[in-house]
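S.K.: mind folding the following:
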Amino acid sequence: MENKEFFAALTDLVREKGISEEAFIETLANALASAYKKQYDGGAEITVSLDAEKGTIDFKAARYIVEEVVDKDKEISLEEAQEIDANAEVGGVIERTFVPKDFGRIAAQTAKQVIMQKLHETERDNTFSAFSDKEGELMEGVIRKIDERNVYVELGDKKTEGIMPTQDRVAGERYVVGERIKVFVKRVKNSGRNSQIVVSRSAAGLVRKLFEEQVPEIKQGIVEIKEIAREAGHRTKIAIVSNDARVDAVGACVGNRGARVNAVVEELGGEKIDIILWNEDPLAFIYKALSPAVVLSVTAKGEKSAMAVVPDEKLSLAIGRDGQNARLAARLTGWKIDVKSASSPEAAEVLAEMEREEAEAQALAEENAEEVVE
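M.R.: Here you go, the predicted model:
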């Protein structure tokens, strides 16, 4: 059955929308067969073949050749089959080509459904392709919608939608429709039915990318971010190291008069940021990680477990509100940290031992100095 106008329109559509014509025709053929069977022929085995070059659509009904017909929609007797094909045998198949009743309506409805399905699939695949390399990146977008579950952010020039679930929002941050916002692309997922771009304002990766944006030395690899521990909306600790002895890592991140770190703090709505100099010695690293508190000593107490001693008046600062400072320091270093005041029995013993060691070291140094003089 010729239908050249149908195929001409089809060719224009797939070209305009960027759909694979071959995949589209295959899907459409299966859909036409399914639609016909559903509406007009509940039992017959229907196949549809489309030839775009010839502009033809052929409906075929298959019937099995049997000795005794039970279901005339699916079966045909050997005698009747041989009238169509003299070589027909029991067990074989006879196909007849036919034009279905009300073909135009079936074709139009089915084509519309398949077109919408393919457009959706193409849009999904294009979205995934365009954003698959954006995972882990910082992007700017516009808030388009807010509901109880998600904030919907329009991303990039193609106006693709990213979703920010509740757990990726920052407590205390206000999200306003129409507002421009920077987000961290947390995950790009192709689920089969929908490509989903999950964005975040609470991820530690957002802080990393904001520092990369503000500090050229990080982009260039001169200064390296080793670890980040964050409680979004409250405090972040970021551990850095310089790969060039001539470059002060902390100074680079702070910037002239604090300009660089202040730009990050402003973007995060005033979130406190502690910039910590990373040290490969875990105990020395813990000293720094408990900043802004002053630490008197750090002692290893077991596997990845340490006790930090601080002045009595600095204990609350070292632990932080609700234990936040100590908790972030532990996450940053990967060690369990037990913070003790200098007057506590455990700490007093450690400090006394330190004093004895220092006294012995001082005495040895004085003795060596006397020997040199003599």
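S.K.: use CA for all of it now, contacts and neighbours both
M.R.: OK.
S.K.: any weak-confidence spans in the stretch 101-250 of the chain?
M.R.: For the stretch 101-250 of the chain, the stretches with pLDDT under 70 are 102-108, 111-112, 114-115, 118-120, 122-130, 157-159, 190-195.
S.K.: what ranges does it have for its helices?
M.R.: In the stretch 101-250 of the chain, the segments counted as helices under DSSP state H, counting those that start in this stretch are 103-131, 204-214, 216-219, 249-254.
S.K.: packing partners for the last one?
M.R.: Contact here means 3 or more C-alpha pairs under 8 Å, 6 or more residues apart in numbering; DSSP states H and E; on that basis helix 249-254 packs against strand 235-242, helix 259-267, strand 272-277.
S.K.: what lies in contact with the shortest one?
M.R.: With C-alpha atoms under 8 Å, 6 or more residues apart in numbering as the test, strand 272-277 has contacts from 234-241, 249-250, 253, 261, 265, 285, 288-289, 291-292.
S.K.: can you give me the buried ones in the helix or strand following that strand?
M.R.: Heading C-terminal from strand 272-277, the first helix or strand you meet, by DSSP states H and E, is helix 282-289. Residues of helix 282-289 classed as buried by neighbour count (16 or more other C-alpha atoms under 10 Å): 282-283, 285-289.
S.K.: tabulate those residues (JSON lines), appending pLDDT and distance to F24.
M.R.: Putting the buried residues of helix 282-289 into JSON lines (pLDDT from 0 to 100; distance: C-alpha to C-alpha, whole Å) gives the following:
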{"residue": "P282", "pLDDT": "95", "distance to F24": "60"}
{"residue": "L283", "pLDDT": "95", "distance to F24": "63"}
{"residue": "F285", "pLDDT": "97", "distance to F24": "60"}
{"residue": "I286", "pLDDT": "96", "distance to F24": "61"}
{"residue": "Y287", "pLDDT": "94", "distance to F24": "64"}
{"residue": "K288", "pLDDT": "95", "distance to F24": "61"}
{"residue": "A289", "pLDDT": "96", "distance to F24": "59"}
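S.K.: what is the nearest of the residues you listed to D312?
M.R.: Y287 (16.2 Å; C-alpha to C-alpha).
S.K.: which residues does the closest one contact?
M.R.: Each residue near Y287 by C-alpha under 8 Å, 6+ apart is listed here: 295, 297-298, 308.
S.K.: can you list the domains in the chain?
M.R.: Listed domain ranges for the chain are 4-130, 135-200, 281-322+329-374 (source: automatic domain parsing).
S.K.: tabulate the helices and strands packed on helix 249-254 (JSON lines), appending mean neighbour count.
M.R.: Converted to JSON lines, the helices and strands packed on helix 249-254 look like this (neighbours: other C-alpha atoms under 10 Å):
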{"stretch": "strand 235-242", "mean neighbour count": "22"}
{"stretch": "helix 259-267", "mean neighbour count": "18"}
{"stretch": "strand 272-277", "mean neighbour count": "21"}
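S.K.: so which of the ones you listed is nearest I319?
M.R.: strand 235-242 (13.1 Å).
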